[in-house]
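Engineer: Below: sequence and its predicted model.
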Amino acid sequence: MPGCPDGRKRSGGESLIAGHLEYLLLLALCVIITLPLEFILGARVYRRPRHLMITLLPVVLIFSVWDVIGVLRDHWRYDPAQTTGLMIFGVLPIEELAFFVVIPICGLLTYSAVGRLLAARRSGAGQDDDA
């Protein structure tokens, strides 16, 4: 029964509440999967909050404005069955704002961790060549 706000099952057996939280749960999973890159591989993304904010601010602003304009012009919409219903400016789901924060952080963590691994590999390879 799509649209039932009481958490009853949809026709496919999926809980309506799970559908509403699905986007947020996916974003949480992205954070959980990439979090070890900060602490185990030393990506140093969260340890430099000023740099992180400077990086995120243009992304969040530009894409939030882009999405708001797209919704207001009826270029796209968000399925209310897949979001919590918490909206920013009355048109932008909170999940979409979270996406603009979480995905760039995951990308930065991955980029930084790979960069550190490659740098360590290069410096280790250079030591072996000198011997």
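Structural biologist: That came in fine, so what should we check first? Predicted, not measured: the structure shown is a model, and the values here were computed from it.
Engineer: The residue nearest to residue 23 when sequence neighbours are not counted: neighbouring residues, count only.
Structural biologist: Computed as C-beta to C-beta, 6 or more residues apart in numbering, the closest residue to residue 23 that is not its neighbour in sequence is residue 95, at 4.1 Å. The way it works is simple: take the backbone N, C-alpha and C, and place the C-beta from them, glycine included. When counting by other C-beta atoms under 10 Å, one arrives at 21 neighbours for residue 95.
Engineer: ok now whichever helix or strand residue 95 is part of, how far from the chain's centre?
Structural biologist: According to DSSP states H and E, residue 95 maps onto helix 94-130. How far helix 94-130 lies from its chain's middle: 16 Å, per C-alpha atoms, centre = their mean, to the nearest Å.
Engineer: Can you give me the buried ones in that helix?
Structural biologist: Judged by neighbour count using 16 or more other C-beta atoms under 10 Å, the buried positions of helix 94-130 are 95-100, 102-106, 108-110, 112-113.
Engineer: circling back to that earlier point, tell me which residues touch the residue nearest to residue 23, please.
Structural biologist: Listed by C-beta atoms under 8 Å, 6 or more residues apart in numbering, the contact set of residue 95 reads 23, 24, 27, 83, 84.
Engineer: following the strand or helix carrying residue 64, which helix or strand comes up?
Structural biologist: Using DSSP H and E, residue 64 maps to helix 49-72. Using DSSP H and E, the next helix or strand after helix 49-72 towards the C-terminus is strand 87-88.
Engineer: got the contact list for that following strand?
Structural biologist: If you take C-beta under 8 Å, 6+ apart as the criterion, strand 87-88 is touched by 64, 93, 94, 97.
Engineer: Any chance of JSON lines for these, columns distance to residue 76?
Structural biologist: Shown next, in JSON lines, are those (distance: C-beta to C-beta, whole Å):
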{"residue": "64", "distance to residue 76": "14"}
{"residue": "93", "distance to residue 76": "12"}
{"residue": "94", "distance to residue 76": "17"}
{"residue": "97", "distance to residue 76": "16"}
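Engineer: Nice, that's everything, thank you.
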